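> Next come a sequence and a model predicted from it.
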Amino acid sequence: MSDHWLPVADALATIQHQIEPLHETETVPLQDALDRIIARPIHAEIDVPGYDNSAMDGYAVRAAEATIDAPLKIVGSALAGHPYAGELAPQSCVRITTGAQMPADCDAVIMQEQVERIDSAIRCQTNVHAGDNVRPQGSDIHKGAVILTQGQRLTPTHIGILASLGCAKIEVFRRLRVALFSNGDELVLPGEKLQADSQIYDSNRFTLHAMLQRLGAEVLDLGLIADNCDALEHAFRQAMRSADVIISSAGVSVGDADYTKEVMTKLGQIGFWKIAMKPGKPFAFGRLDQSWFCGLPGNPVAAVVTMVQIVQPMLRRLAGEHFSPPLQLQARASTSIKKKPGRMDFQRGHFNQRDGQLWAEPAGSQSSAVLTSVAQANCFLVLEQDRGTIDAEEIITIQPFDSLLT
Ligand code: AMP
Ligand code: MG
């Protein structure tokens, strides 16, 4: 049976191969640029810092003159924003504060804690070397250097660097538009009254919506769609008009009420995959006119795992972001871990560090219906497709939860 199942790596490769990144861009103010994807490489148009300046509060000196016990006369001051314009006679120095421009004749700063102050002179208590406590022009960024490359997701530090270069606006790829709906006659909107024997609250749409927010997508929420062909077709047609990607949860298995396949076959090209992952199968992927479609499984943990492992890389690529595989680490299993060969398991696990080594174990229930087990975990235990049960102390691969899960 497992022969018909698509290995995770193949599913990822197929998707990455088919997706062409969007290229439309927009220019946004720097304050609104967090988490956006850079559309063009950014070159520095200035040096940072723009002038040699002091790294300390102290005295700007000529290092050759500033030997132990040498008295140097204070002839002026250089403050941040207020440089010292005069010339420096021999055996003199300038009071200087952090960030102030170095006076032209000086090549070092002696910290104020390392001098003895005598009226309007100082006596050095240590030897000074050229360059001490000086931040040279361009030592952070050289004019012309490539600071950010296309496809980088802007972090708070990037925003600060761009500000230090004087950029007020930045060209980024436009946000992805993602239409989202859930499928199932048993689903009820949170806030509404629940019939305890036949209904459950729709949780997937809220989990997925939150993940899409973290990814920076614009979400078109189409709500709850009943288990019937007309309702589904209407939802798909509505989504196709505006969305780059349509994501649905449930209704993609082969149950009697799973109409996605029927509707998709009518409207577009669709592949229904049994991905050899646990949890995760079944998964639908395809093209509907201008939109991509991802049909996620209904079980809440399976929806989360496929979103993180399969859909996330696709959305990042489509949005123009550089795709870098998730961080995976080696850990030692602290208990035995049940597994059957045939599928790659993404068990929800917990890892910590003890005795200079990472240890990991399953976190709570591994049922694909138990969403609380994801909340208790801090990593996936990524257990290879061919592997069977793992003994305590064996080495396993873990994948710490990323920003979609933390
Ligand atoms: P299905 O994929 O339609 O066979 O659904 C699989 C399981 O996931 C069933 O137990 C559903 O009730 C449950 N399920 C489907 N959609 C959701 C949802 N949006 N939120 C929470 N559970 C769901
Ligand atoms: Mg269903």
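All right, it came through fine. Residues are numbered from 1 along each chain as shown. Ligands and ions are numbered 1, 2, ... in the order given.

> Look up how far residue 249 lies from the closest residue to ligand 1 within the stretch 151-300 of the chain.
Using Cβ to the nearest ligand atom, the single residue of the stretch 151-300 of the chain nearest to ligand 1 is residue 298, 2.5 Å away. (Each C-beta comes from the backbone N, C-alpha and C, glycine too.) For residue 298, the distance to residue 249 (Cβ to Cβ, to the nearest Å) stands at 6 Å.

> which residues touch the residue of the stretch 151-300 of the chain closest to ligand 1?
Residue 298 makes contact with 183, 184, 204, 249, 250, 251, 252, 253 under the criterion Cβ atoms under 8 Å, 6 or more residues apart in numbering.

> can you tell me which of these are in helices?
Members of the contacts of residue 298 lying in helices (criterion: DSSP state H): residue 204.

> anything in contact with each of residue 298 and residue 249?
183, 204.

> interface residues of the chain facing ligand 1?
182, 184, 186-187, 200, 202-205, 249-251, 253, 255, 297-300 (Cβ under 6 Å from any ligand atom).

> 8 Å - rerun?
Residues of the chain lying near ligand 1 by Cβ under 8 Å from any ligand atom: 182-184, 186-187, 200-205, 224, 227, 249-253, 255, 257-258, 282, 297-300, 302-303, 369.

> In this structure, what helix or strand scores lowest on average pLDDT?
For the chain, counting by mean pLDDT, DSSP states H and E, strand 269-273 ranks last in confidence among helices and strands (a mean of 85).

> Using the three-state scheme, assign whichever residue of the stretch 301-406 of the chain sits closest to ligand 2.
Proximity of the stretch 301-406 of the chain to ligand 2 (Cβ to the ion) peaks at residue 303, 11.9 Å away. Classification of residue 303 using DSSP: H, G, I helix; E, B strand; the rest coil returns helix.

> Hmm, residue 206 and it touching each other?
No. Contact between residue 303 and residue 206 fails when scored by Cβ atoms under 8 Å: they sit 10.8 Å apart.

> Mind giving me the ChimeraX command for buried ones among the residues of the chain next to ligand 1?
Here is the ChimeraX command that selects the buried residues among the residues of the chain next to ligand 1 (16 or more other Cβ atoms under 10 Å):
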select :182,183,184,187,202,204,205,224,227,249,250,251,252,253,258,282,297,298,299,300,302,303
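
> contacting residues for residue 8?
Neighbours of residue 8 in contact, by Cβ under 8 Å, 6+ apart: 275, 276, 277, 309, 310, 344, 385.

> Repeat that for residue 184.
Counted by Cβ under 8 Å, 6+ apart, residue 184 has contacts 202, 224, 227, 250, 251, 257, 298.

> Could you tell me which residues within the helix with the most length in the chain count as buried?
Secondary structure of the chain per DSSP H: the longest helix is helix 229-242. By 16+ other Cβ under 10 Å, the buried positions in helix 229-242 come out as 231, 232, 233, 235, 236, 239, 240.

> And stretch 63-78, by the same measure?
Per 16+ other Cβ under 10 Å, stretch 63-78 contains these buried residues: 63, 65, 66, 72, 74, 75, 76, 77, 78.

> before we move on, what about stretch 162-169?
So for stretch 162-169, counting by 16+ other Cβ under 10 Å, buried means 162, 164, 165, 167.

> Among those residues, which ones are in helices?
162, 164.

> for the buried residues of stretch 162-169, which one is nearest residue 288?
residue 162 (37.4 Å; Cβ to Cβ).

> Pull the contacting residues for that closest one.
30, 33, 42, 147, 148, 154, 170.

> out of these, which is most surrounded?
Neighbour counts for the contacts of residue 162 (other Cβ atoms under 10 Å) peak at residue 170, which has 23 neighbours.

> Can you tell me the SS state at that residue?
strand.

> what's the answer for residue 246, then?
Using three-state DSSP, the structure places residue 246 in strand.
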